[in-house]
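Okay, structure incoming, though there's no sequence with it:
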Ligand code: ATP
Ligand code: MG
Ligand code: FE
């Protein structure tokens, strides 16, 4: 199977060519970060327009890099949700046009499912079942992946997503968008024990998350420092905030893995790129004899290769999307 995969759910126009789902022949990512930076976040209208401007070039570049022609493509995969509707529609329409013109099967893919599949590309021997900690710009989920395409959500955030918290705190600290990598970098210069921010473990036994209390605590800390005219150490705040997020993510994932008797944890989503999270989770997994997997940075944040991998497994399982497939901005995992 030669899959052409397209991802345009947010601010990356990405196209990948894969062989048999797990072998990436190319994975081209055109980021729009520069266009959105001046606004401090993604502007949906700008995102859609940029995707339209970029999509054909990115498709051609992906084919060229893979040394594959249109006629050699046998399968198309595309993200159809969750994400920004206007952005999703660009990739979805291109994918449908290609599937129709070449008369080849199409599979719509859930973007979050795609993030988990990045692990199958990173480690070609990885097989379910495993526990996945999905931490991205819009999601924070603990998901038991029982088999390909079979998921059980064990816990999720009740308010902000982990990446969203990183981005909001970065903004309050005057860092540029996207804030996650900025905080990661700045935290290395700070003291993680400087300020004791709250950790929300919620009720005993809960695997849900909550980051809004932590966000308020950091904002209150900043405000009170400003009001008193005291010096603000941004590196210490970044490090202490990051530590609070990472500690809760790590301890919940470990406790969940132990309770369920699962010996493999796979990190997924943009926040999986966080160096402190990788570090702390690696250390804790080692202590608990749990195997930890995480994708490379390029496969952690948005990319089409992960979508192609997930789409290929759907195809192999006999699923096929129709050409009237629509974008679903709030698509939930396990629903498609
Ligand atoms: P979703 O996948 O939930 O639809 P998204 O696609 O916008 O949302 P991703 O691309 O998966 O999100 O991840 C982007 C998020 O990851 C942003 O919030 C960004 O700040 C965060 N992020 C990226 N790198 C790091 C890092 N090193 N440390 C912390 N957060 C990071
Ligand atoms: Mg992005
Ligand atoms: Fe994403």
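Right, received. Where do you want to start? Note that this is a predicted model, so its numbers are computed, not measured. Numbering: from 1, shown residues only. Ligands and ions are numbered 1, 2, ... in the order given.

ok, residues contacting stretch 24-33?
Applying Cβ atoms under 8 Å, 6 or more residues apart in numbering, the external contacts of stretch 24-33 come out as 11-19, 42, 46-47, 50, 54, 57-58, 61-68, 121, 177-178, 298-299, 302-305, 308. C-beta coordinates here come from the backbone N, C-alpha and C atoms, glycine included.

Quick check: phi and psi at residue 188.
Listed backbone geometry of residue 188 is phi -70, psi -20, with angles given as degrees, to the nearest 10.

burial measure for it, as a count.
Residues lying near residue 188 (other Cβ atoms under 10 Å) number 14.

Helix or strand next in line after the helix ranked longest in the chain, which one?
In terms of residue count, the longest helix belonging to the chain (DSSP state H) is helix 234-260. Later in the chain than helix 234-260, the nearest helix or strand by DSSP states H and E is strand 264-268.

Is the longest helix of the chain positioned near ligand 1?
No - in terms of Cβ under 6 Å from any ligand atom, no part of helix 234-260 sits within range of ligand 1; the closest distance is 7.6 Å.

Is the residue lying closest to residue 262 once chain neighbours are set aside in a helix, a strand, or coil?
Once flanking residues are discounted, residue 262 sits nearest to residue 131: 4.6 Å by Cβ to Cβ, 6 or more residues apart in numbering. For residue 131, the reduced secondary structure class is strand; criterion used: DSSP: H, G, I helix; E, B strand; the rest coil.

I'd like to know how far residue 131 sits from residue 205.
Using Cβ to Cβ, to the nearest Å, we find residue 131 at a distance of 16 Å from residue 205.

Secondary structure element for residue 217, which one?
When elements are defined using DSSP H and E, residue 217 is found to belong to helix 212-227.

Distance-wise, check the spatially most central residue of the chain relative to ligand 2.
Centre of the chain computed as the mean C-alpha position; nearest residue by Cα atoms, centre = their mean is residue 269, 2.4 Å away. Residue 269 is 11 Å from ligand 2, where distance means Cβ to the ion, to the nearest Å.

repeat for residue 175
On the measure of Cβ to the ion, residue 175 and ligand 2 end up 16 Å apart.

Per-residue confidence, that residue, what does it come out as?
Per-residue confidence at residue 175 stands at 96 (pLDDT).

Quick check: residue 87 touching residue 47?
Yes - with contact defined as Cβ atoms under 8 Å, residue 87 reaches residue 47; the gap is 4.7 Å.

What pLDDT is listed against the closest residue to the residue nearest to the centre of the chain other than its chain neighbours?
The spatial neighbour of residue 269 that comes closest, neighbours along the chain excluded (Cβ to Cβ, 6+ apart), is residue 136 at 3.1 Å. Residue 136 is assigned a predicted lDDT (pLDDT) of 97.

Surely residue 243 touches residue 192?
Yes - with contacts counted by Cβ under 8 Å, residue 243 reaches residue 192, the gap being 4.1 Å.

and the residue of the stretch 51-200 of the chain nearest ligand 3?
residue 136 (4.5 Å; Cβ to the ion).

right, and that residue touches residue 163 too?
Yes - contact status for residue 136 versus residue 163: in contact at 5.3 Å, counting by Cβ under 8 Å.

Name the residues contacting each of those two.
Taking Cβ under 8 Å, 6+ apart as the criterion, residue 136 and residue 163 both touch 269-271.

okay if I get these as TSV plus distance to residue 226?
Conversion of these to TSV gives the following (distance: Cβ to Cβ, whole Å):
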residue	distance to residue 226
269	32
270	30
271	28
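
wait, what's in contact with the residue lying closest to residue 191 once chain neighbours are set aside?
Of all residues not flanking residue 191 in the chain, residue 236 sits nearest, at 5.2 Å (Cβ to Cβ, 6+ apart). Taking Cβ under 8 Å, 6+ apart as the definition of contact, the neighbours of residue 236 are 190-191, 194-195.
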